[in-house]
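Undergrad: sharing a model that was predicted from the sequence below.
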Amino acid sequence: DVVLTQSPLSLPVTLGQPASISCRSSQSLVHSDGNIYLNWFQQRPGQSPRRLIYKVSKRDSGVPDRFSGSGSGTDFTLKISRVEAEDVGVYYCMQGSQWPATFGQGTKVEI
Amino acid sequence: EVRLVESGGGVVRPGGSLRLSCAASGFIFGDFGMSWVRQAPGKGLEWVSAIDWEAGGTGYADSVKGRFTISRDNAQNSLFLQMNSLRAEDTALYYCARDSGGGEDVWGKGTTVTVSS
């Protein structure tokens, strides 16, 4: 199974400043169709997860453009250009390139 | 409005069974693969199982393989998870989610499963 390792696991941030979360995969996430199905999710306290990014860098509808995803091969990054108070929560990377799909451990973002 | 509503959770003894359901609305259910994802209390997300749009393909986490069975009824816009031989470590909030673009783009609010004697 693919293991996703996130770092850091805890990320203190300052409002208005950038933030970055890394996600490393134990193996290539290139699907047989040529796509890389690497997703990023945000889970605010007490809420269901919400997908922010799919296929490494595509933003879901309604996601603010301060969120961006990048990466290739086995190294991926979620960046928040300027952190806002509503960005507090836990962020997960997740791969859907092969079953079983797997999530990273989660990164807790706090002000 | 796209909506997923889970039901069927509850308290069950170790070794028991439960069947979770997920009612979908607001989209063409048969056009999408669907998944179950769970979250144990205070823990992270764990992918449990998925089924493709025509129920021809299914996948399971190693932790539930052989005990859980995913199925769907496209005519009833419903997703199911039959859970047998339940263990304490299956205690979690179970989310139903729609698959799109290689990941889950719509999530329900979840249904709670507690396995305890």
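TA: Alright, I've got the coordinates.
Undergrad: count of neighbours near B:Gly103?
TA: If you count neighbours by other CB atoms under 10 Å in any protein chain shown, B:Gly103 ends up with 24. From N, CA and C alone the C-beta is placed, and that goes for glycine too.
Undergrad: could you pull up the contacting residues of it?
TA: A:Tyr37, A:Asn39, A:Arg51, A:Tyr54, A:Met94, A:Gly96 (CB atoms under 8 Å, 6 or more residues apart in numbering or on different chains).
Undergrad: partners of it in the sheet?
TA: Per DSSP bridges, residues listed as beta-bridge partners of B:Gly103: B:Ser100.
Undergrad: and if you look at B:Gln39?
TA: With DSSP bridges as the criterion, B:Gln39 is bridged to B:Leu45, B:Leu93.
Undergrad: excluding sequence neighbours, find me the nearest residue to the residue in chain A positioned nearest to chain B.
TA: Proximity of chain A to chain B (CB to the nearest CB) peaks at A:Tyr37, 2.8 Å away. Spatial nearest neighbour of A:Tyr37, excluding adjacent residues (CB to CB, 6 or more residues apart in numbering or on different chains): B:Gly102 at 2.8 Å.
Undergrad: residue contacts, that neighbour?
TA: By CB under 8 Å, 6+ apart, the contact set of B:Gly102 is A:His31, A:Asn35, A:Tyr37, A:Asn39, A:Tyr54, A:Lys55, A:Gly96, A:Ser97.
Undergrad: gap between the third one and A:Gln47?
TA: Which is A:Tyr37. For A:Tyr37, the distance to A:Gln47 equals 24 Å [CB to CB, to the nearest Å].
Undergrad: the more surrounded of these two?
TA: A:Tyr37 (21 against 11).
Undergrad: the more buried one against A:Gln95, yeah?
TA: Yes - counting by CB atoms under 8 Å, A:Gln95 is a contact partner of A:Tyr37 at 6.2 Å.
Undergrad: who touches both of those two?
TA: Jointly contacting A:Tyr37 and A:Gln95 under the rule CB under 8 Å, 6+ apart are A:Leu29.
Undergrad: skipping its backbone neighbours, what lies nearest the residue most central in space within chain A in space?
TA: The centroid of chain A falls nearest to A:Trp40 when counting by CA atoms, centre = their mean (3.1 Å). Among residues not flanking A:Trp40 along the chain, A:Ile53 sits closest, at 4.0 Å (CB to CB, 6+ apart).
Undergrad: next one: B:Arg13
TA: Looking at B:Arg13 with CB to CB, 6+ apart, the closest residue is B:Ser117, at 5.5 Å.
Undergrad: neighbours of B:Ala23, just the number please.
TA: For B:Ala23, the count of nearby residues is 16 (other CB under 10 Å).
Undergrad: on the three-state scheme, it is what?
TA: Secondary structure, DSSP: H, G, I helix; E, B strand; the rest coil: B:Ala23 is strand.
Undergrad: residue contacts, it?
TA: By CB under 8 Å, 6+ apart, the contact set of B:Ala23 is B:Leu4, B:Val5, B:Ser7, B:Asn77, B:Ser78.
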